[in-house]
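In: Provided below are the primary sequence and the corresponding predicted coordinates.
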Amino acid sequence: MPIHEKSLIRPEKLVEHEHLVIEGMDVSGHWSTFIEGRSLTDYNEAMQDEIAALPGGENIHRCWQCGSCTNACTVNAINPEFNPRYWIYLIRLGMEEELLRDKDIIWQCVSCNKCTYACPRDVVPEAVMKATAHWLELKGHTPKSPSMIFDEGFSDQVFHSGKIEDSLVLRNFFKATGQPLTQPWLVAMVTGLIKRFPVFYLIRLGLLTLFHPKTKRWGKARAAIHEYVEECETANRKALGLDAKGAE
Amino acid sequence: MTKPVLIIGGGPAGLSAAHALAISGRKAILVEKEDRLGGAPILQGYAKLVPSHEWARDAIGGMVNRVVSNPLVDVKLNSSVQKFDGEPGNFVATLKDGSTVEADTAILTTGFTHFDSINKPEWGFGTYPDVVTTVQVEQMISSGKGIRCPSDGRVPDRVAILLCVGSRDRQIGREWCSKICCTVSANIAMEIREMSPKTNVYIYYMDIRTFGLYEGEYYWGSQEEYKVKYVKARIAEVTSDGKRLLVKGEDTLVKRPISIPFDMVVHAIGMDPNVDNMTISSVFDVKLNKYGYIGKPSTYLHMAETSRPGVFVAGSATGPETIDDSIAQGTAAAMAALNFANMAVQAAAE
Ligand SMILES: Cc1cc2nc3c(=O)[nH]c(=O)nc-3n(C[C@H](O)[C@H](O)[C@H](O)COP(=O)(O)OP(=O)(O)OC[C@H]3O[C@@H](n4cnc5c(N)ncnc54)[C@H](O)[C@@H]3O)c2cc1C
Ligand code: SF4
Ligand code: SF4
Ligand code: SF4
């Protein structure tokens, strides 16, 4: 039987001295192997408060660790390392270092909300995952996630013109994420559209791709939306102890 | 049939039995060994009670006044029963001062004894002044002085409450759950957070047993409204780094040893059998159950009976009980005593 405790040793906790002599004894290399402790020596109370202050994180302190969210989770079924229950716990007790080990998979939540419907305490884990991904970005631990880039492009367009032009959203997104426009699925979709759509619609679609009409008298609404969004973003950053505008 | 009913123990159960008998027109003699009535909530100075949020001195104090002002109840403080002879309907009890009283039946409402944390030395009580019990915290709250570390009077930044101290522990021969301490601890945690919002409270648990309707108000409420944190770990030891207390154990959910600094550690102490139970058992000739509480031979048919006919029992004398259940049992025991007397009258008439 394998020794279970071995799985608890993390490579970064294994320390070796390349050259070490103790009392005349050469214990260089693996002879001096030492495992650093894994004891938890403090809690960080600020972490839960920070995530709870971001939109979606409000209910995190309700969690009683039943695991229903992880059990229901679409992504967990594919990647067992994706564990909302566990991350919620780390956040609640402030185990930041531990959470950061998983920073590159937390954003993979597909927002299917299966967890939301399984959770007996209405924690809304899906929203907590979003808030956590947001926190990681704001703190500079992760680059902007593709879904964040997409959302931003989408909303920028709404703010600008009060309208959405799908092809522009897509083109901007691919550009921002450095992906080619000639995605096979996109090509297939466009050729399908051309084959099936009446000519009249095709002409309208084409015109809309070239000219981007605005909602009439949009200026006032735009200003109000801008102001509101700015307010929210400043509040978020403030909750995390960051300056108003951020590092970008 | 004019002999009174003898009640031993003036806590919530005894007070409720005395009141029930008196309003039914029966005389009662209430024997209490301390200098005051009220039982644990009064003698130990509890703060706000579960689940009513009333101050113990108001709620239980009201029960005391009701009994003391009833002419049918004869209260004997600083007293206890030394000898108990005779038959049902014809009992004679010898009290501490040598006097005797006659009684028709008797009700034991002698309650429980708080677990003494000294018996779990690894959890630091008696070694570090800032390790206290739930009873001490109740007293801090009810005295109005607020939550302060006994060592230097500072308001703690971080408090740990350790559950099941003196309960559910074969090492010290206590296999029972004390039933109320989870809820009482959640209640205390909320009170601490309310009095001092800067104080973070952590509860270390094996299971959370805020049974029945206490779940929502106390367990959920303490998490949702008061942000109390629950960590599943049975603490191994409480030590000190010279400045603060160190709480050591295993956080079972992350499979990691923990050694966390705290300003104050609270033991959620359990409800032991009354230390007098051996004496009570021999004086009244009633059997104790295997845990040392007063035994109840029948669960359903014969409410409040002990192994001795004509001697009844109620409240936490029978095992860990809440105040409201102790009160209900006190009334049930009074009912059983009344029935017993009526049956004796009928038997005599036939
Ligand atoms: C920290 C703590 C907090 C609690 N808070 C709550 C709460 O908020 N809500 C709740 O429902 N319950 C609470 N409880 C439980 C509560 O204390 C009991 O349910 C209640 O006290 C039981 O009442 P009782 O009358 O059976 O016994 P007791 O209250 O123990 O009363 C027994 C009485 O008998 C007397 N006595 C004992 N032996 C003798 C003898 N040999 N001769 C004469 N007299 C004797 C005692 O002096 C005492 O007055 C708490 C318990 C603890 C430990
Ligand atoms: S919303 Fe995210 S965390 Fe929840 S079940 Fe779906 S993938 Fe998992
Ligand atoms: S389902 Fe809800 S309560 Fe259960 S672990 Fe997940 S978030 Fe926590
Ligand atoms: S009520 Fe809770 S703290 Fe008390 S003994 Fe039972 S499980 Fe432990």
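Out: Looks like it arrived, so ask away. Ligands and ions are numbered 1, 2, ... in the order given.
In: Mind pulling up the pLDDT for residue 246?
Out: No chain specified, so I'll use chain A. For residue A:246, the pLDDT comes out at 50.
In: meant chain B, my bad for not saying
Out: If you check residue B:246, the pLDDT there is 98.
In: just residue A:150 next, same as before
Out: Looking at residue A:150, its pLDDT reads 89.
In: And for it, the neighbour number?
Out: Look at residue A:150: counted by other C-beta atoms under 10 Å in any protein chain shown, it has 17 neighbours. The way it works is simple: take the backbone N, C-alpha and C, and place the C-beta from them, glycine included.
In: Show me the domain layout of the chain.
Out: Assuming you mean chain A. Domains of chain A are assigned by automatic domain parsing as A:5-35, A:47-138, A:146-239.
In: Switch to chain B, please.
Out: Per the record, chain B has its domains at B:5-111+B:274-349, B:117-270, by automatic domain parsing.
In: The longest strand anywhere in chain A and chain B, are they touching?
Out: Taking DSSP state E as the criterion, chain A has its longest strand at strand A:29-35. No: judged by C-beta under 8 Å from any C-beta of the partner chain, strand A:29-35 and chain B are separated, with a smallest distance of 13.0 Å.
In: And that strand, what's buried?
Out: Neighbour-count burial for strand A:29-35, counted by 16 or more other C-beta atoms under 10 Å in any protein chain shown, picks out residue A:32.
In: What is the next helix or strand after it packed up against?
Out: On the C-terminal side of strand A:29-35, the closest following helix or strand by DSSP states H and E is helix A:46-53. Here helix A:46-53 is seen to pack against helix A:84-93, helix A:125-138, helix A:219-239 when contacts are counted using 3 or more C-beta pairs under 8 Å, 6 or more residues apart in numbering or on different chains; DSSP states H and E.
In: and with 10 Å instead?
Out: The contact analysis (3 or more C-beta pairs under 10 Å, 6 or more residues apart in numbering or on different chains; DSSP states H and E) places helix A:46-53 against helix A:84-93, helix A:96-100, helix A:125-138, helix A:219-239.
In: what's the closest of those helices to ligand 2?
Out: Smallest distance to ligand 2 across the helices and strands packed on helix A:46-53 (C-beta to the nearest ligand atom): 3.6 Å, for helix A:125-138.
In: Report the inter-axis angle for the very next helix or strand once past the closest one versus helix A:219-239.
Out: The helix or strand immediately downstream of helix A:125-138 is helix A:146-161, counting by DSSP H and E. Put simply, helix A:146-161 runs at 150 degrees to helix A:219-239, going by axes from the mean of the first three to the mean of the last three C-alpha atoms, to 10 degrees.
In: helices and strands around helix A:146-161, which ones?
Out: Going by 3+ C-beta pairs under 10 Å, 6+ apart, helix A:146-161 lies up against helix A:125-138, helix A:166-176, helix A:219-239.
In: any idea of the mean pLDDT in the longest helix anywhere in chain B?
Out: Looking only at chain B and at elements set by DSSP state H, the helix with the highest residue count is helix B:323-349. For helix B:323-349, mean pLDDT rounds to 91.
In: which stretch among the domains of chain B comes nearest ligand 2?
Out: Judged by C-beta to the nearest ligand atom, the one of the domains of chain B that comes nearest to ligand 2 is domain B:117-270, at 18.0 Å.
In: could you give the angle of the worst-scoring helix or strand of chain A on mean pLDDT to helix A:166-176?
Out: In chain A, the helix or strand scored least confidently by mean pLDDT, DSSP states H and E is helix A:199-210, which has a mean of 83. If you take the same axes, to 10 degrees, helix A:199-210 sits at 40 degrees to helix A:166-176.
In: Check which helices and strands helix A:199-210 is in contact with.
Out: Applying 3+ C-beta pairs under 10 Å, 6+ apart, one finds that helix A:199-210 contacts helix A:166-176, helix A:184-196.
In: any idea which of those helices is most buried?
Out: Neighbour counts (mean count of other C-beta atoms under 10 Å in any protein chain shown) averaged over each of the helices and strands packed on helix A:199-210 peak at helix A:166-176, with a mean of 15.
In: I'd like to know which elements that one is packed against.
Out: Counting contacts by 3+ C-beta pairs under 10 Å, 6+ apart, helix A:166-176 packs against helix A:146-161, helix A:184-196, helix A:199-210.
In: All set now, cheers.
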